[in-house]
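Trainee: Build me a model:
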Amino acid sequence: MAEERLDGRYAKLWAASTTSALGSGLATVAAPLLIASRTDEPLVVSGGFAVAWLPWLLFSLPGGVLVDRVDRRKLMITLDWIRVPAVALLAVAISMGNVSIALLYAVLFVINASEVVFRTASGAMLPSIVPKALLERANGRLYAGTTLTHGMLSGPLSGFLFGVAASIPFYVNAGTYAVSALLLGLIAGAYRPRPGDGAPVARRSMRSEVAEGFRWLAGQRLLRTMIGLIGMLNLTLVAATSVLVLLAKERLQLGSVGYGLLFTCMAVGGLLGSIAGDRLIAWCTPTWTLRIGLLIEAGTHLVLATSTSAPVVGVILFLFGVHGALWGIVGSSLRQRLTPPDMLGRVGSTSLFVIAGGNCVGAVLGGAAAAKFGLTTPYWAGFVVAVIVSALTWRVFDREVVSAAYAQEPTVSR
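Mentor: Residues are numbered from 1 along each chain as shown. Reported below is the predicted structural model:
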């Protein structure tokens, strides 16, 4: 029997996703630099972040319905070609000196509205081109590519390009979306979702299809627990990272370079976890990957709440990066294994919706809690929440339960 392999279709999808992630990372870094070069109003600067996150709440659920209605590859290509002229228009306006904050906000909205649907479609398409046994490896390599380009390379590269000319990061960003669209166009096959019995997908109202996705997920104990956990832990994580710059300055005595290196530690851990993810998960088992991750989550908050040593904080953030990658791989692979083919979009978008909601709430609560009760309050709160959810969900991630989930075949949804 021939060994199963990731074929050329996956290579093209990986290259498209990684190229797109690099471009999005350039825009993510360059946008606040552009705003700050034109105003020092904190509300205007923070408004850029709000505009970037708003589409994740507005479009994740309807985007999931769309992904479950149309050919997923063609949808991703369309989204890329929508973003190319939008970002190019912004780059031209910057070059001509006619850019406005309103135009920047509008382009950020378009980029992120497209990204939430693009990411959902990519996750839903993956099981159609990857053998079931290789989902962990495929997801790990996707995470590795995104971590490398978006998390590690885009920051310094965007800063350098912005220093040469403010428009260049956005020109390059438009180019990456065009390359992504061309790569996706080279993938052979049709990727229109169908139920497990091969029958055409029945078209109903968006509300009923969103509700169907929620009902199906509510009946899956393992998946609903994981998504709820990720939402809750993301809330405390974003609350913690929202004031990390102050913690680095006041408790760790770090400057801007040292603060940036803390995120580098996390990104390096994420890259390592992504590259070796399938092997680490196989060695440790998915059950203990999830359980150890919960302990690392609690330990990270405890260290940030108590330590004044920058190296110690750097090490725990490195471990957190490894944990985040492994959790992402296990969570995505389980969702792709268990979800009926015609519901992958809605179930994946529900996860994104919960994560985005946790991020938005966490960003507000972190600053408010630190201002009222002290700088370490978000970290102590995160530690307590992590301990509680670990105790409540420890038995959900039982070896037999997780093994049964890995062996289960998706059921026909309708």
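Trainee: Every contact and neighbour count from this point should use C-alpha atoms.
Mentor: OK.
Trainee: buried sites along stretch 67-82?
Mentor: 67-77, 79-82 (16 or more other Cα atoms under 10 Å).
Trainee: right, I mislabeled it, should have said stretch 305-320
Mentor: Ala305, Thr308, Ala310, Val313, Gly314, Val315, Ile316, Leu317, Phe318, Leu319, Phe320.
Trainee: how far away is the fourth one from Gly324?
Mentor: Read it as Val313. Counting by Cα to Cα, to the nearest Å, the gap from Val313 to Gly324 is 16 Å.
Trainee: Ok, the first one next?
Mentor: According to Cα to Cα, Ala305 stands 20 Å off from Gly324.
Trainee: where does the protein have low pLDDT?
Mentor: For the chain, the stretches with pLDDT under 70 are 1-4, 40-47, 49-50, 194-204, 242, 256-257, 260, 363-364, 367, 408-414.
Trainee: List phi and psi for the most centrally placed residue in it.
Mentor: The centroid of the chain falls nearest to Leu352 when counting by Cα atoms, centre = their mean (7.8 Å). The phi/psi pair for Leu352 (degrees, to the nearest 10) reads phi -60, psi -40.
Trainee: What is the neighbour count of the nearest residue to it once chain neighbours are set aside?
Mentor: Leaving aside its sequence neighbours, Leu352 sits nearest to Ser60 (Cα to Cα, 6 or more residues apart in numbering; 6.4 Å). Counted with other Cα atoms under 10 Å, the neighbours of Ser60 add up to 28.
Trainee: Quick one: end-to-end length of stretch 391-400, please.
Mentor: Terminal-residue distance, stretch 391-400 (Cα to Cα): 18 Å.
Trainee: Next, the buried residues of that stretch.
Mentor: Of the residues in stretch 391-400, those buried (16+ other Cα under 10 Å) are Thr393, Val396, Phe397, Asp398.
Trainee: Secondary structure element for the first one, which one?
Mentor: Same thing as Thr393. Taking DSSP states H and E as the criterion, Thr393 maps to helix 377-393.
Trainee: got the contact list for that helix?
Mentor: 225, 229, 233, 236-237, 239-240, 291, 294-295, 297-302, 304-305, 366, 369-370 (Cα atoms under 8 Å, 6 or more residues apart in numbering).
Trainee: C-alpha coordinates for stretch 229-243, PDB please?
Mentor: Only the C-alpha atoms of stretch 229-243 are listed here, as PDB (Å, rounded to 0.1, in the frame of the first residue of the first chain):
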ATOM      1  CA  LEU A 229     -12.500  27.000  26.100                       C
ATOM      2  CA  ILE A 230     -10.700  28.900  23.300                       C
ATOM      3  CA  GLY A 231     -13.200  31.800  23.600                       C
ATOM      4  CA  MET A 232     -12.800  32.100  27.300                       C
ATOM      5  CA  LEU A 233      -9.000  31.600  27.300                       C
ATOM      6  CA  ASN A 234      -8.600  34.100  24.400                       C
ATOM      7  CA  LEU A 235     -10.600  36.600  26.400                       C
ATOM      8  CA  THR A 236      -8.100  36.400  29.300                       C
ATOM      9  CA  LEU A 237      -5.100  36.200  26.900                       C
ATOM     10  CA  VAL A 238      -6.000  39.400  25.000                       C
ATOM     11  CA  ALA A 239      -6.800  41.100  28.400                       C
ATOM     12  CA  ALA A 240      -3.300  40.200  29.400                       C
ATOM     13  CA  THR A 241      -1.500  41.100  26.200                       C
ATOM     14  CA  SER A 242      -3.400  44.400  26.000                       C
ATOM     15  CA  VAL A 243      -1.300  45.700  28.900                       C
END
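Trainee: start at 222 instead
Mentor: From this message on, residue numbering opens at 222, which makes the last subject stretch 450-464.
Trainee: Could you check that stretch and say which residues are buried?
Mentor: Residues of stretch 450-464 classed as buried: 450-464 (neighbour count, 16+ other Cα under 10 Å).
Trainee: If we only consider the residues you listed, which is nearest to Phe484?
Mentor: Within the buried residues of stretch 450-464, proximity to Phe484 (Cα to Cα) peaks at Thr462, which comes in at 9.9 Å.
Trainee: gap between the closest one and Leu454?
Mentor: 12 Å.
Trainee: do the same with Val288
Mentor: 27 Å.
Trainee: can you give me the strands for the protein?
Mentor: Assigned strands in the chain: none (criterion: DSSP state E).
Trainee: Can you flag which of the buried residues of stretch 450-464 belong to helices?
Mentor: 450-462 (DSSP state H).
Trainee: what's the nearest residue to Pro348 if we skip its chain neighbours?
Mentor: Spatial nearest neighbour of Pro348, excluding adjacent residues (Cα to Cα, 6+ apart): Gln557 at 6.4 Å.
Trainee: Might one say that that neighbour is in contact with Met346?
Mentor: No. Between Gln557 and Met346 there is no contact under Cα atoms under 8 Å: 9.5 Å.
Trainee: Among the buried residues of stretch 526-541, which one sits closest to Val320?
Mentor: Among those, Leu538 lies closest to Val320 (Cα to Cα), at 37.8 Å.
Trainee: What's the local residue count around the residue nearest to Pro348?
Mentor: Using other Cα under 10 Å, Gln557 is surrounded by 24 other residues.
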